[in-house]
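In: quick one, fold the following:
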Amino acid sequence: MLLARYILRTHAAPFLFGTVVIMVLFLLQYIMRWVDQLASKGLDIATIVMFLVLNLSWIVVLAVPVGVLFSTIMAFGAMSTTHEVTVMKASGVGLLRMMLPVVFTGCLLWGFVFWYTDTVLPETNVRLSAMMRDIERTKPTFAVDEGQFSTYLDGVTVLARHVDTNGRMRGLTIYDRSRSESRSVISADSGRLMFSPSLTRLVVQLYNGEIHQRALQDPHQYRVIKFAGYQMTLPAENMMYQASDVTGTSRSDREMSIADMRLVVDRAELQMSEAQQRFDTTLTQHLDYLLHDDAPADTSGRTWKEQIERATSILVSTRSALESECFRRSSELSVANKYLVEIHKKYAIPFACLLFVFVGCPMGILTKGGSFGSSALLSLGFYVLYWISMIGGEKLADRGLLSPAVAMWVGNAAISLIAAVVTLRVNSR
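Out: Numbers count the residues shown, from 1 in each chain. Take a look at the predicted model:
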């Protein structure tokens with residue numbers, strides 16, 4: 001028990017450090033893609049924090065297995081460098097005995113990541129997808145820049161020749177094209193912009209100016225209205241971020257649990273079976289019609305040309321029916337493969353938490369990778385190998401060139417082979 005506690009304690013800090021570093025790197029990479037959207041839409045701090053938290057949800061699934069690999073390589077590498085592994089072996093403690101507490105922890109992480117991937121991650125992905133759509137739909141925060149045309153409002157262009165520090169605008173010109181029956185140009189000495197209490201309309205308070213209005217249907221109908229004070233309201237839809245209700249929304253494969261995806265796969269496989277059955281029935285009936293020796297002679301009085309045209313019509317109709325069933329079966333197969341890939345991925349990635357224990361422990365002993373640099377380099381190498389096989393397998397499975405099970409487990413199979421080789425190598429020393 002004391003040995004197990006010591007081994008786990010040497011793993012704790014590297015595991016937390018490696019997992020957090022991977023999460024930060026992924027998050028920074030993702031933020032770089034969204035920094036313009038987040039900075040220009042006038043989002044509040046709470047919305048930005050929620051956006052980052054929802055992104056961390058899928059990053060956790062990728063970071064935990066890498067954290068396990070980094071911690072096992074670093075911890076066992078450090079124990080190998082300080083000859084603690086040699087002392088344990090001399091005391092009769094073999095490699096598998098040393099790995100036992102880490103294997104147990106790996107099993108717990110396997111179960112946790114699997115539960116998280118199948119239960120929590122689909123819900124956070126739904127909310128993240130809705131939030132991304134809401135952010136993209138939100139217009140940039142309306143602001144009038146001095147001496148520049150502002151065109152953020154639909155059908156309205158605002159030009160302010162001077163804007164002071166209090167937000168008061170001078171030398172205002174507003175081009176209003178929002179009405180279908182007329183066009184207006186409004187000039188004012190000064191004015192202010194403000195949102196209505198409901199944040200759904202923009203209120204423009206203008207002072208000392210005139211309105212030039214022309215009817216589109218009758219160019220001769222032109223009027224000029226002078227005012228000392230004038231207030232106009234403009235629609236401000238999507239000027240402020242509004243979260244959508246995700247209840248009842250349709251979900252993609254990455255937003256569904258294994259049970260939900262299994263229902264889709266079963267339905268697709270049933271459609272495939274029915275399409276194949278209809279294809280076989282149509283083809284069999286047509287072949288029987290062509291090869292039947294006792295077919296009655298044509299007594300309808302049709303000419304030879306008319307009989308050829310009728311036979312051609314039957315052949316074209318049969319071919320069309322067969323092609324339709326082939327397309328239907330191919331389409332349903334593509335759907336089934338797509339969801340089966342995600343189902344196997346939900347099993348394969350959590351399993352890597354345990355698999356990386358078996359490769360990281362002996363690899364750390366062999367390479368004496370107790371330093372941060374060597375541990376990080378080895379972890380990066382295995383990470384790249386694992387994800388290349390995972391992504392490549394997914395592409396091949398989506399194209400129907402590889403079965404989803406093989407595609408998603410080939411990376412784990414490769415890592416398992418490496419783990420077996422290095423474990424035998426350490427035990428033989």
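
In: for the rest of this, base every contact and every neighbour count on C-alpha atoms.
Out: Noted.

In: helices of the stretch 1-150 of the chain, start to end?
Out: 2-40, 45-81, 84-90, 95-115, 121-137 (DSSP state H, counting those that start in this stretch).

In: pLDDT averaged over the helix or strand that contains G373 - what is it?
Out: Assigned by DSSP states H and E, G373 belongs to helix 372-398. Confidence for helix 372-398, expressed as mean pLDDT, is 83.

In: so of the helices of the stretch 1-150 of the chain, which one's packed in deepest?
Out: Mean neighbour count (mean count of other CA atoms under 10 Å) peaks for helix 45-81 among these, with a mean of 22.

In: returning to that earlier point: list the buried ones in the helix holding G373?
Out: Buried residues in helix 372-398, counting neighbours by 16 or more other CA atoms under 10 Å, are found at 374-376, 378-379, 382-383, 386, 389-390, 393-395, 397-398.

In: how distant is it from the center of its chain?
Out: From the chain centre to the centre of helix 372-398 is a distance of 19 Å (CA atoms, centre = their mean, to the nearest Å).

In: check which element follows it along the chain.
Out: Remark: after helix 372-398, the chain's next helix or strand is helix 404-427, criterion DSSP H and E.

In: CA atoms only: put that following helix into PDB for me.
Out: Only the C-alpha atoms of helix 404-427 are listed here, as PDB (Å, rounded to 0.1, in the frame of the first residue of the first chain):
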ATOM      1  CA  PRO A 404     -16.000   1.900 -38.600                       C
ATOM      2  CA  ALA A 405     -14.800  -0.600 -36.000                       C
ATOM      3  CA  VAL A 406     -11.500  -1.100 -37.700                       C
ATOM      4  CA  ALA A 407     -11.100   2.600 -38.500                       C
ATOM      5  CA  MET A 408     -11.600   3.700 -34.900                       C
ATOM      6  CA  TRP A 409      -9.600   1.000 -33.200                       C
ATOM      7  CA  VAL A 410      -6.600   0.800 -35.500                       C
ATOM      8  CA  GLY A 411      -4.800   3.500 -33.500                       C
ATOM      9  CA  ASN A 412      -5.400   1.600 -30.200                       C
ATOM     10  CA  ALA A 413      -4.200  -1.600 -31.900                       C
ATOM     11  CA  ALA A 414      -1.000   0.100 -33.000                       C
ATOM     12  CA  ILE A 415      -0.400   1.500 -29.500                       C
ATOM     13  CA  SER A 416      -1.200  -1.900 -28.000                       C
ATOM     14  CA  LEU A 417       1.500  -3.500 -30.200                       C
ATOM     15  CA  ILE A 418       4.000  -0.900 -29.100                       C
ATOM     16  CA  ALA A 419       3.000  -1.400 -25.400                       C
ATOM     17  CA  ALA A 420       3.500  -5.200 -25.700                       C
ATOM     18  CA  VAL A 421       7.000  -4.800 -27.300                       C
ATOM     19  CA  VAL A 422       8.300  -2.300 -24.800                       C
ATOM     20  CA  THR A 423       6.800  -4.300 -21.800                       C
ATOM     21  CA  LEU A 424       8.600  -7.500 -23.000                       C
ATOM     22  CA  ARG A 425      11.700  -5.500 -23.500                       C
ATOM     23  CA  VAL A 426      11.700  -4.100 -19.900                       C
ATOM     24  CA  ASN A 427      10.800  -7.500 -18.400                       C
END
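
In: ok, which pair from the buried residues of helix 372-398 is furthest apart?
Out: Using CA to CA, the two most remote members of those are S374 and D398, lying 36.1 Å apart.

In: so what's P122 up against?
Out: 254-257 (CA atoms under 8 Å, 6 or more residues apart in numbering).

In: would you list those residues in TSV and tack on secondary structure, pLDDT and distance to G77?
Out: Compiled in TSV, those are given as follows (DSSP: H, G, I helix; E, B strand; the rest coil; pLDDT from 0 to 100; distance: CA to CA, whole Å):
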residue	secondary structure	pLDDT	distance to G77
R254	helix	83	37
E255	helix	83	39
M256	coil	87	40
S257	coil	88	38
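
In: out of these, which is nearest to D189?
Out: Checking the contacts of P122 against D189 by CA to CA gives E255 as the nearest, at 54.4 Å.

In: could you report the neighbour count for the closest one?
Out: Residues within reach of E255, counting by other CA atoms under 10 Å, total 22.

In: ok, it to A397 distance?
Out: E255 sits 19 Å away from A397, going by CA to CA, to the nearest Å.

In: who are the packing partners of the lengthiest helix in the chain?
Out: The helix that spans the most residues within the chain, counting by DSSP state H, is helix 304-367. The contact analysis (3 or more CA pairs under 8 Å, 6 or more residues apart in numbering; DSSP states H and E) places helix 304-367 against helix 45-81, helix 95-115, helix 258-291, helix 372-398, helix 404-427.

In: state the distance from L56 to L69.
Out: Distance, L56 to L69, using CA to CA: 20 Å.

In: quick revisit: need the helices and strands packed on helix 304-367 in JSON lines (columns: distance to A348).
Out: Output for these, formatted as JSON lines (distance: least, CA to CA, whole Å):
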{"stretch": "helix 45-81", "distance to A348": "11"}
{"stretch": "helix 95-115", "distance to A348": "9"}
{"stretch": "helix 258-291", "distance to A348": "13"}
{"stretch": "helix 372-398", "distance to A348": "9"}
{"stretch": "helix 404-427", "distance to A348": "6"}
